[in-house]
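>>> pasting the sequence and the predicted model now:
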Amino acid sequence: MLTAEIAQYIEDQTLGTFDATGITGNIFLETLPDAEKQGSAIYIALYSTGGYQSGGKLAYDDPTVQIIVRGGLNPLLAWSKAQSIYNLLHGFSQGQFMAGGQWIVNCQGMQSGPINLGPDENRQHRFSLNFHLHVQNLDSVERE
């Protein structure tokens, strides 16, 4: 799962803690846990958001991923974490996010940085990042 590979990469770069079981840590897949009323913890959620149509004969897929960063009452904390993740992923190319993972031809931010979503019902600030990836599809390569 591409989002799990990205989550592991974010952890490997010490920007958060990913637990593949979803029980501990602050990086989550396809969900963002409820906010604590006055907590200052930073939470990161990665969502698969479909992608773009790929040519059936091409050996590449074009998935998209959204990352939501939610922090405490100070918007600068969540924005700073979101900006660090953007800087990490935007422009990543010709490699894997983790050993044995998918080959990433290119990862580009769909906007030029974090987008402010405003505070949630507990006044914790949220920022969104959206990425378009160009990923080698090994199944397509093997069919040729």
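Noted; the coordinates are in hand.
>>> where do the helices sit along this structure?
Here the chain has its helices, by DSSP state H, at 2-12, 75-89, 138-143.
>>> so who does Ile85 touch?
Ile10, Leu15, Ile44, Ile67, Val69, Leu129 (C-beta atoms under 8 Å, 6 or more residues apart in numbering). C-betas here are computed from N, CA, C, even on glycine.
>>> ok, and the closest non-adjacent residue to Phe97?
Nearest non-adjacent residue to Phe97, counting by C-beta to C-beta, 6 or more residues apart in numbering: Tyr9, 3.8 Å away.
>>> count of neighbours near the one you found?
Using other C-beta atoms under 10 Å, Tyr9 has 21 other residues around it.
>>> what spatial separation is found between it and Ile44?
Noted for Tyr9: a distance of 12 Å to Ile44, by C-beta to C-beta, to the nearest Å.
>>> and for Gln83?
13 Å.
>>> again, but for Gln136
Counting by C-beta to C-beta, the gap between Gln136 and Ile44 amounts to 26 Å.
>>> okay, the two: which has more neighbours?
Applying other C-beta under 10 Å to Gln136 and Ile44 shows that Ile44 carries more neighbours, namely 26 against 14.
>>> now the more buried one, nearest residue through space, not along the chain?
In space, and not counting its chain neighbours, Ile44 is closest to Ile27: 4.6 Å by C-beta to C-beta, 6+ apart.
>>> the residue nearest to Phe97 against Ala99, yeah?
No: in this structure, Tyr9 is not within contact of Ala99 by C-beta atoms under 8 Å, at 10.8 Å.
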